[in-house]
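> Pasting the sequence and the predicted coordinates here, then a few questions.
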There are 2 protein chains.
Amino acid sequence: MRIGEMAKAAGISEYILRYYEKKGLIRVRRDDAGRRCYDENDIEWIKFIKRLKDTGMLLKDIKEYSRLRYEGNATMPERLKMLEKHREYVLEQQKKWAEYLSNLDDKIVFYKDSIDGLA
Amino acid sequence: MRIGEMAKAAGISEYILRYYEKKGLIRVRRDDAGRRCYDENDIEWIKFIKRLKDTGMLLKDIKEYSRLRYEGNATMPERLKMLEKHREYVLEQQKKWAEYLSNLDDKIVFYKDSIDGLA
DNA sequence: ATATTACTTAGAGTATAGTGTAAGTCAAGA
DNA sequence: TCTTGACTTACACTATACTCTAAGTAATAT
């Protein structure tokens, strides 16, 4: 699979695929013509990177996670640790947004009351 | 109240106070010497800006909200609309984070099982 | 053979939101 | 008066994550 196909399969632009590779998040081998070759395994990996990114993990941290992953199964405990640490962050975010939703609702009620008062 | 005091009162740097003013989020009058003068009213407003920003509202949208606010009470219905639209966004975020937390937990379970398998 | 398309690289440009510096002004205390 | 500290402006720099362009190569379709 070449970069165009991969971009479609993973739902990510070719630019980003090259950018992530340059940053060290993905490692891709080349064909005889020097073009990137991706396989099924890469799709899963790229989709997982996407999820990590969507959950607010910084590229530099994803890069570190990636480095461990390319080292093999022996690094699983370390990766698990990273995920567990990241889980704490995601949990905090979830709480944060729930709290802000509640604050915002209060503000909205205040506005509605004020507007009624004006009428 | 001058900028140094305000920075402390609002928990925000002097740089950001000037930056937000330049961006049009805050309007501040000057004393005879040309220095910024803030009052109690400004503290509340700046804290509210901070909250909007923390909930992911872009500075350009906060700027628009700000513009309406400086126009007076007549713009309250419009501001209410903005807040209600923003509420939708915050609600989505909250759902997103809850979903990612659940995905991440699945992944963590998978890792733990894999590591047990290796042992 | 030629045109088209997909690819390659390095590097420049964009968006968002700060963060800091340089050079100068102003006011109050020693 | 001199110094110190808080302030002023304009502008340059940083971080993060893209997004795109330029110039060139390779494979394929006509």
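Noted; the coordinates are in hand.

> drop to CA atoms for contacts and neighbour counts, all remaining ones
Will do.

> which residues does the closest residue to residue A:52 other than its chain neighbours contact?
Using Cα to Cα, 6 or more residues apart in numbering or on different chains and skipping the chain neighbours, the partner closest in space to residue A:52 is residue A:62 (7.2 Å). With contacts defined as Cα atoms under 8 Å, 6 or more residues apart in numbering or on different chains, the neighbours of residue A:62 are A:25, A:49, A:52-53.

> need the residues of chain A near chain B, please.
Selection of chain A residues close to chain B by Cα under 8 Å from any Cα of the partner chain yields A:55, A:76-77, A:80, A:83-84, A:87, A:90-91, A:93-94, A:97-98, A:100-101, A:104-105, A:108, A:111-112, A:115.

> So residue A:86 versus residue A:60, what's the distance?
13 Å (Cα to Cα, to the nearest Å).

> neighbour count winner among the two?
Neighbours were tallied for residue A:86 and for residue A:60 using other Cα atoms under 10 Å in any protein chain shown; the higher tally belongs to residue A:86 (19 against 12).

> mind checking how far the more buried one is from residue B:108?
Residue A:86 sits at a distance of 11 Å from residue B:108 (criterion: Cα to Cα).

> Where do the strands of chain A begin and end?
Using DSSP state E, the strands found in chain A span residues A:29-30, A:36-37.

> Export only the CA atoms of stretch A:67-76, formatted as PDB.
Taking Å, rounded to 0.1, in the frame of the first residue of the first chain, the C-alpha atoms of stretch A:67-76 are listed here in PDB:
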ATOM      1  CA  ARG A  67       9.900   4.300  20.100                       C
ATOM      2  CA  LEU A  68       8.900   1.700  22.700                       C
ATOM      3  CA  ARG A  69       6.500   0.000  20.400                       C
ATOM      4  CA  TYR A  70       9.100  -0.500  17.700                       C
ATOM      5  CA  GLU A  71      11.400  -2.000  20.300                       C
ATOM      6  CA  GLY A  72       9.000  -4.900  20.700                       C
ATOM      7  CA  ASN A  73       7.000  -6.800  23.300                       C
ATOM      8  CA  ALA A  74       9.500  -6.300  26.100                       C
ATOM      9  CA  THR A  75       8.500  -2.700  26.400                       C
ATOM     10  CA  MET A  76       4.800  -3.500  27.000                       C
END
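
> which of the residues in it are buried?
Neighbour-count burial for stretch A:67-76, with 16 or more other Cα atoms under 10 Å in any protein chain shown as criterion, is recorded at A:67-69, A:76.

> that older thread, need the winner for burial among the strands of chain A.
Sort these by mean neighbour count, taking mean count of other Cα atoms under 10 Å in any protein chain shown, and strand A:36-37 sits at the top with a mean of 16.

> Which secondary structure elements does that one sit against?
Other elements packing on strand A:36-37 under the criterion 3 or more Cα pairs under 8 Å, 6 or more residues apart in numbering or on different chains; DSSP states H and E are strand A:29-30.
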